[in-house]
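> Dropping the sequence and predicted coords here.
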Amino acid sequence: MSVRNVKAGFVGFGEVFIPRELIEQKVSAARRALQDRGIELVTTAPVSDDPERVDEKRAIADLSREDFDFLVVCVAGWIPTHTVIDVISYFSHKPMVLWGLTGFVRNDRLVTTADQAGTTALRDPMEALGFKFKYIYDTVDAPYAGADKVKAFGEVARAAALLKHAKIGNMGYRDMALYATLADGTSLRRVIGPDIEVFQMLEIVQKMDALEPADISSVVEEIRAEWSFAEPVPESALATGVRMYLAVMEKVRERGYEAVSLVDVDGVKKLLHFPPALPLLLLADKGGVASIPENDCLGSVTQLIVRYLTGQVGAYLEFYEFFEDALLMGVPDYVPSEIVDGAVTVLPWPGFGGLKDGILNISKVRTGEATICRLASRGDRYTMHIVHGEARAPRSWEEAGWEPPAPQLPSIEFVPDCTVDEFAQQVYGQHYIIAYGDHRGKLMELCSLLDIEVV
């Protein structure tokens, strides 16, 4: 998925007695380093500690004209602490980077403007005043190298900003009367940001009935051209799932949802008599929406966190078995094509639970280095379980209850860095979100920004 560019406010500082030209040169070079890394900037001229506070007032006005994800506090030389605090206090609700630049060598002699005198005088007061910030400093042998760290932090700050305005749609609520899928809407909005709206399945059924047959046929034709069918799938099975997908997408566009969860067992299967695997898959693949079954509120939020931080789809997997060294993780319905190894492969729903009018995704899941995670809450205290490990190909297995020959569901064996028992004693629910690669650093940085405890 594509995530918009990082956007930062940028303000440089240097004492009034340091040559203004030197401060401007250093600050301009720092700005260019960030722009070269794709960061959009809201800028102002460097600020000095002039007695009339002209620079301070101008900087506050300039930075207030546009919104941004985080503020870069760029110290290009010694600056009295109060000058910096006077400016950045107006943006105390934003994450910040305290970035100290460095001196330079001229004629084999170090020339310094005492950048780190300024940052070391600021770091502890900023912490004591409650600013959420990261301290980054350059060294003489690597000037402006801190720009890479600023960018990395900016990606985390962008995720935090996106979460503050995210909307999640739940068709129905509390499927199967589960507890682990619930969320408190008020505390979630206050601590992390997303708003969860509930809409009724009846509204979607009404939208399904109003669809044009040509729109349904168009998507069905795309599916038949793109996917591999292990067995012939009836046209009716594809059309039914496509109808629900198109109806839910109409709701997504109306309300601006970035994630959707559907009532599954007690809703689509029980009342409409077909499995929601196909609409969930299409929501992820064609709609670009994070999708998860069973009204999993915090699962949806975790998906958005993974998407905003990594650009990956944030697929869900659930647990089937624990082995001595690994966790069998799979899904009884679908996986997004992004995490499929090879072609997306489907077959007719083989009758599990007495349902047949649907499709089952039996694709192979990618292996390799991965991170799995999930949010949980105790009242207004949020925690995230983050585990790094290796996804390996699963052994041959089947879930009891399918009509023979039972399909092998999409799955991996996840080998965690910790012991299986250490994982099990902390597990937060049946659904965890996977991202390929090692993303512990970004996840932990975001948790720190949002006051989420890491487990």
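Happy to help now that I have it.
> and the closest residue to residue 442 other than its chain neighbours, what does it touch?
Among residues not flanking residue 442 along the chain, residue 309 sits closest, at 4.8 Å (CB to CB, 6 or more residues apart in numbering). Placement of C-beta: from N, CA and C, glycine included. By CB atoms under 8 Å, 6 or more residues apart in numbering, the contact set of residue 309 is 155, 156, 159, 435, 439, 442, 443, 446.
> switch to 10 Å and redo it
By CB atoms under 10 Å, 6 or more residues apart in numbering, residue 309 lies in contact with 3, 155-156, 158-160, 162, 435, 439, 441-443, 445-446.
> possible to save those residues as CSV with neighbour count and pLDDT?
Converted to CSV, the contacts of residue 309 look like this (neighbours: other CB atoms under 10 Å; pLDDT from 0 to 100):
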residue, neighbour count, pLDDT
3, 14, 87
155, 20, 98
156, 26, 98
158, 24, 98
159, 26, 98
160, 22, 98
162, 20, 98
435, 24, 98
439, 22, 98
441, 13, 97
442, 21, 97
443, 25, 98
445, 20, 97
446, 25, 98
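> about what we covered before: what separation is there between the residue nearest to residue 442 and residue 191?
17 Å (CB to CB, to the nearest Å).
> per-domain residue ranges of this protein.
7-163, 165-454 (automatic domain parsing).
> Across the sheet, point out what pairs with the residue nearest to residue 312 when sequence neighbours are not counted.
Excluding its sequence neighbours, the residue lying closest to residue 312 (CB to CB, 6+ apart) is residue 435, at 5.0 Å. Taking DSSP bridges, one obtains residue 371 as the residues bridged to residue 435.
> Could you double-check that residue 435 sits in contact with residue 317?
No - between residue 435 and residue 317 there is no contact under CB atoms under 10 Å: 11.4 Å.
> which neighbours do these two share?
Counting by CB under 10 Å, 6+ apart, the residues touching both residue 435 and residue 317 are 339, 370, 372.
> Quick check: closest non-adjacent residue to the last one.
The spatially closest residue to residue 372, leaving aside those adjacent along the chain, is residue 432, at 4.5 Å (CB to CB, 6+ apart).
> For that neighbour, pull up the helix or strand it's in.
Secondary structure from DSSP states H and E places residue 432 in strand 431-436.
> What is that strand packed up against?
Packing partners of strand 431-436 (3 or more CB pairs under 10 Å, 6 or more residues apart in numbering; DSSP states H and E): strand 290-293, helix 297-310, strand 315-322, strand 327-330, strand 368-378, strand 381-392, strand 411-416.
> Tell me which stretches of the stretch 201-350 of the chain form strands.
228-229, 259-262, 290-293, 315-322, 327-330, 345-348 (DSSP state E, counting those that start in this stretch).
> Save these as a markdown table, and put in distance to residue 381 and mean pLDDT too.
Formatted as a markdown table, the strands of the stretch 201-350 of the chain follow (distance: least, CB to CB, whole Å; pLDDT from 0 to 100):
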| stretch | distance to residue 381 | mean pLDDT |
| --- | --- | --- |
| strand 228-229 | 46 | 92 |
| strand 259-262 | 22 | 98 |
| strand 290-293 | 23 | 97 |
| strand 315-322 | 24 | 97 |
| strand 327-330 | 26 | 98 |
| strand 345-348 | 41 | 91 |
